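In: here is my input; please provide its structure:
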Amino acid sequence: MNEHEKQVELCVEWILNVPKITSSINKTRSSYGFKHNVETYFQTYISNDAFKEGAKRCGLMTEKASKENEYYNLIF
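Out: Got it, this is the predicted structure:
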């Protein structure tokens, strides 16, 4: 398993167990902010792309926040 895939798996674990999944998009925090939460939780580097892939695998709703970031239906 490569480093990106390890990061994605950590993101999936965090998404499914730590924040609350809601029924609407939360525009107060983007993928970039959430990836920092995952880094703190697991004490390891997580790329923004790994978080976005993890969110996709979890079936989260997404909305573009900027060129690089996305909003999700998560509250943390």
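In: tell me what Lys20 is bridged to.
Out: As for beta bridges, Lys20 partners with Ile75 under DSSP bridges.
In: what is the neighbour count of it?
Out: 9 (other CB atoms under 10 Å). From N, CA and C alone the C-beta is placed, and that goes for glycine too.
In: surely it meets Ile75?
Out: Yes - Lys20 lies in contact with Ile75 (CB atoms under 8 Å); the separation is 4.6 Å.
In: so where do the strands sit in this protein?
Out: Under the criterion DSSP state E, the chain contains strands at 20-30, 62-64, 70-75.
In: average pLDDT for stretch 9-16?
Out: For stretch 9-16, mean pLDDT is 98.
In: which residues sit in contact with Leu74?
Out: Each residue near Leu74 by CB atoms under 8 Å, 6 or more residues apart in numbering is listed here: 15, 19-22, 26, 29, 34, 60.
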